[in-house]
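Asks: just coords:
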């Protein structure tokens with residue numbers, strides 16, 4: 001899934017680099033355990049901060065941006081998925097609410113169990129729990145889950161997870177349930193049973209049912225694109241008010257039954273998201289932790305220039321979460337048009353890129369590692385990215401210039417790069433490093449809430465975009481096909497494959513690996529394919545970041561969830577003393 005846009009970042013963070021110097025004794029490969037050893041930012045890895053919450057009070061979320069989407073048919077950005085599926089709507093299965101490796105384990109949510117497969121993993125059956133209800137007390141039905149999966153095909157609801165389109169039988173050309181058109185490959189024999197018929201075996205299908213696509217939406221409540229403003233709740237909270245780009249207020253859903261939901265604890269009475277704040281303002285308020293801010297958490301990560309304020313003060317550092325995002329951030333090149341239809345030009349970008357400068361702009365060694373492969377280290381044997389290209393971390397400008405000369409561009413070229421406003425500092429590092437080789441970069445920034453819609457417009461987007469991808473679950477099948485399979489490219493709402501890479505040999509190999517029944521054989525094949533794609537240079541890997549989140553001193557039950565890119569797990573967070581929240 002696409003990573004979440006960040007707050008504004010800047011260069012020149014010598015203090016942060018110095019504080020993180022103990023992590024530099026490792027191999028220097030992204031995702032390697034050596035770089036994390038002794039890292040002062042990672043003291044709370046795999047731990048819960050603040051103890052067990054008490055019930056009640058108001059949890060404040062301080063944000064620099066609005067949500068990209070809350071409609072479950074469109075929600076496919078890491079933090080939004082965490083927020084939506086933990087608070088507003090439930091899915092067939094979900095992840096356990098546990099820190100560390102336990103957060104990667106599946107558990108039933110709407111479903112009674114983990115589902116069953118038949119017909120060689122082409123047929124999957126799930127039975128819903130009894131007593132599931134929406135915010136008005138009406139029952140959640142299998143037909144509602146079917147309806148949301150179907151509406152995810154609607155052309156006016158772009159940008160969401162496309163597992164259904166990739167795997168459901170008869171999905172080719174389907175455009176949603178408008179006009180009473182339904183998919184025969186989703187059957188609902190009764191109100192509590194749903195059956196999915198796939199066009200090819202998919203042994204990992206149950207992982208896909210964690211995604212918001214597999215949340216229920218009653219047809220009578222569907223308002224098309226406007227549903228984004230007011231999803232109908234099947235979770236522990238419902239929307240009381242939502243002023244776009246300003247404020248979202250959640251209150252308890254009185255019809256949510258905790259007896260059916262062992263994952264979500266719903267400790268706070270209210271959750272208030274305040275948007276449009278400046279990143280430095282959020283950091284300073286949380287460092288101080290006074291008044292209502294003592295009961296606050298940030299939406300976006302700590303700004304690099306704020307790192308010294310946190311790491312040099314043990315009592316503040318104790319409130320810092322810094323789990324790995326498990327995402328690879330990349331410069332993705334438009335391979336479908338000149339000049340980046342020439343592999344020599346694309347390789348020149350790989351060689352010119354200064355990953356150390358980008359890492360500095362991203363927070364320094366305390367908050368990340370340079371990337372040396374496409375998939376994050378968690379998807380490689382040993383948990384560490386390989387370094388197949390062996391390009392120096394600061395780049396090889398002479399090699400980059402040589403490649404440009406071979407491509408007939410001895411005078412260099414001018415191109416445009418789109419980034420989220422939160423990545424402007426990173427964009428400047430990209431601009432400076434590519435400029436050394438004669439690749440002149442013009443930076444275009446986009447508000448975080450509109451970023452993915454902008455770069456997903458394939459006809460009008462720039463040649464370069466800076467973004468990343470995070471696996472939806474621990475398998476190469478949820479990374480490489482989504483980022484590099486040309487058959488999934490859309491004109492609008494394009495996700496993942498922002499390099500617009502269409503390589504027949506790569507797609508053929510993806511199909512061969514997907515058909516493998518031996519999981520270890522498939523894992524090895526995905527790892528080998530990673531290096532093969534990297535050699536064709538559709539992207540230039542940059543960094544693997546951590547998600548640094550400083551929580552207020554009255555926060556309890558906080559941890560970075562490994563399956564949500566290190567974002568706070570909203571299923572179990574709450575307050576030490578609700579009376580101090582001011583609610």
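Replies: Now that the structure is in, tell me what you want to look at. Just so we're clear, the structure is a prediction, and the values are computed from it rather than from any experiment.

Asks: make it CA atoms for all contacts and neighbour counts henceforth
Replies: Fine.

Asks: For burial, what's the neighbour tally of the spatially closest residue to residue 325 that is not a sequence neighbour?
Replies: Computed as Cα to Cα, 6 or more residues apart in numbering, the closest residue to residue 325 that is not its neighbour in sequence is residue 565, at 3.9 Å. Residues contacting residue 565 under the criterion other Cα atoms under 10 Å number 26.

Asks: Per-residue confidence, residue 565, what does it come out as?
Replies: Per-residue confidence for residue 565 comes out at a pLDDT of 89.

Asks: And for residue 22?
Replies: In the predicted model, residue 22 carries a pLDDT score of 26.

Asks: now swap in residue 280 and tell me
Replies: pLDDT, the model's per-residue confidence, is 88 for residue 280.

Asks: how many neighbours does the nearest residue to it once chain neighbours are set aside have?
Replies: For residue 280, ignoring the flanking residues on the chain, the nearest one in space by Cα to Cα, 6+ apart is residue 303 at 6.9 Å. Residue 303 has 22 neighbouring residues, counting by other Cα under 10 Å.

Asks: do residue 278 as well
Replies: Using other Cα under 10 Å, residue 278 has 14 other residues around it.

Asks: So the closest residue to it other than its chain neighbours, which state does it fall into?
Replies: The shortest distance from residue 278 to any residue other than its chain neighbours is 5.8 Å, reached at residue 64 (Cα to Cα, 6+ apart). Three states are possible here, and by DSSP: H, G, I helix; E, B strand; the rest coil the one that applies to residue 64 is coil.

Asks: What of residue 196?
Replies: Following three-state DSSP, residue 196 is assigned to strand.

Asks: Run through the neighbouring helices and strands of the longest strand belonging to the chain.
Replies: Scanning the chain for the longest strand, with DSSP state E as the assignment, gives strand 320-333. Contacts of strand 320-333 with other secondary structure elements, assessed using 3 or more Cα pairs under 8 Å, 6 or more residues apart in numbering; DSSP states H and E, are made with strand 464-469, strand 539-550.

Asks: Please verify my assumption that residue 582 contacts residue 56.
Replies: No - in this structure residue 582 lies outside contact range of residue 56 using Cα atoms under 8 Å: 10.8 Å.

Asks: higher neighbour count, those two?
Replies: In terms of neighbours (other Cα under 10 Å), residue 56 is the more surrounded of residue 582 and residue 56; the figures are 19 against 11.

Asks: any idea which helix or strand carries the more buried one?
Replies: Under the assignment given by DSSP states H and E, residue 56 is not contained in any helix or strand.

Asks: Local confidence estimate at it?
Replies: Predicted confidence (pLDDT) for residue 56: 98.

Asks: same deal with the one 10 residues further on?
Replies: Taken from the predicted model, the pLDDT recorded for residue 66 is 95.

Asks: what sits against the nearest residue to it once chain neighbours are set aside?
Replies: Nearest in space to residue 66, with sequence neighbours left out and distances taken as Cα to Cα, 6+ apart, is residue 245 at 4.9 Å. Applying Cα atoms under 8 Å, 6 or more residues apart in numbering to residue 245 gives the contacts 65, 66, 275, 276.

Asks: could you redo the last one with a cut-off of 10 Å?
Replies: Residue 245 makes contacts with 63, 64, 65, 66, 67, 273, 274, 275, 276, 277, 449, as judged by Cα atoms under 10 Å, 6 or more residues apart in numbering.

Asks: Select only the buried ones of those residues in ChimeraX?
Replies: Applying 16 or more other Cα atoms under 10 Å to the contacts of residue 245 leaves a buried subset, and the ChimeraX line that selects it is:
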select :63,64,65,66,67,273,274,275,449
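
Asks: On the three-state scheme, residue 553 is what?
Replies: Classification of residue 553 by three-state DSSP places it in coil.

Asks: Got the phi and psi for it?
Replies: The main-chain torsion angles of residue 553 are listed as degrees, to the nearest 10 and equal phi -70, psi -10.

Asks: Same question for the one 5 residues further on.
Replies: With angles defined as degrees, to the nearest 10, residue 558 shows backbone torsions of phi -100, psi 130.

Asks: For it, give its distance to residue 320.
Replies: Between residue 558 and residue 320 the computed distance is 10 Å (Cα to Cα, to the nearest Å).

Asks: got it, and residue 492?
Replies: As it turns out, when the distance is counted by Cα to Cα, residue 492 lies 38 Å from residue 320.

Asks: Same check on residue 215?
Replies: Following Cα to Cα, the distance that separates residue 215 from residue 320 is 32 Å.

Asks: One more: residue 432?
Replies: For residue 432, the distance to residue 320 under the criterion Cα to Cα works out to 31 Å.

Asks: Mind checking which of these two has more residues around it?
Replies: Counting neighbours by other Cα under 10 Å for residue 432 and for residue 320 shows that residue 320 has the greater number, 28 against 18.

Asks: Can you name the residues that contact the closest residue to that one other than its chain neighbours?
Replies: Counting by Cα to Cα, 6+ apart, residue 550 is the residue found nearest to residue 320 once chain neighbours are left out, at 4.5 Å. With contacts taken as Cα under 10 Å, 6+ apart, residue 550 has the following neighbours: 282-283, 286-287, 289, 296-302, 310, 316-322.

Asks: same thing but 7 Å
Replies: Contacts for residue 550 were tallied using Cα atoms under 7 Å, 6 or more residues apart in numbering; they are 286, 297, 298, 302, 319, 320, 321.

Asks: do the same with residue 48
Replies: The neighbourhood of residue 48, defined by Cα under 7 Å, 6+ apart, consists of 99, 557, 558, 559.

Asks: likewise residue 74?
Replies: Contact partners of residue 74, counting by Cα under 7 Å, 6+ apart, are 157, 158, 159, 160, 161.

Asks: Can you classify it as helix, strand or coil?
Replies: Put simply, residue 74 is coil when judged by three-state DSSP.

Asks: Could you double-check that the residue nearest to residue 325 sits in contact with residue 321?
Replies: No - at 11.9 Å, residue 565 does not count as touching residue 321 under the criterion of Cα atoms under 7 Å.

Asks: Give me the residue ranges of the stretch 101-250 of the chain where confidence is low.
Replies: By pLDDT under 70, the stretch 101-250 of the chain contains no weakly predicted segment.

Asks: Ends of stretch 475-484, what's the gap?
Replies: Distance across stretch 475-484, first residue to last, is 15 Å (Cα to Cα).

Asks: Phi, psi for the residue positioned nearest the centre of the chain please.
Replies: Averaging the C-alpha coordinates of the chain gives a centre point, and the residue nearest to it by Cα atoms, centre = their mean is residue 78 (3.0 Å). As for residue 78, its main-chain torsions (degrees, to the nearest 10) stand at phi -50, psi -60.

Asks: My read is that it contacts residue 565, right?
Replies: Yes - the pair formed by residue 78 and residue 565 meets the contact definition of Cα under 7 Å, at 6.4 Å.

Asks: thinking again about what came up before, how close does the residue nearest to the centre of the chain sit to residue 520?
Replies: Per Cα to Cα, residue 78 is found 27 Å from residue 520.

Asks: any low-confidence regions in the stretch 301-450 of the chain?
Replies: Looking at the stretch 301-450 of the chain by pLDDT under 70, you get an empty list.

Asks: quick one: the helices in it?
Replies: Across the stretch 301-450 of the chain, reading from the start of the chain, the helices by DSSP state H, counting those that start in this stretch fall at 307-311, 314-317, 343-352, 355-361, 397-406, 424-435, 448-455.

Asks: returning to what we had before: wait, what's in contact with the residue nearest to residue 278?
Replies: Contacts were defined as Cα under 7 Å, 6+ apart; by that measure residue 64 touches 7, 275, 276, 277, 278, 279.

Asks: What is the nearest of the residues you listed to residue 413?
Replies: The shortest distance between residue 413 and any of these, using Cα to Cα, involves residue 7 and amounts to 29.7 Å.

Asks: Pull the distance from stretch 194-203 to the chain's centre.
Replies: Centroid separation for stretch 194-203 versus its chain: 25 Å, with Cα atoms, centre = their mean, to the nearest Å.

Asks: Perfect, I'm done here.
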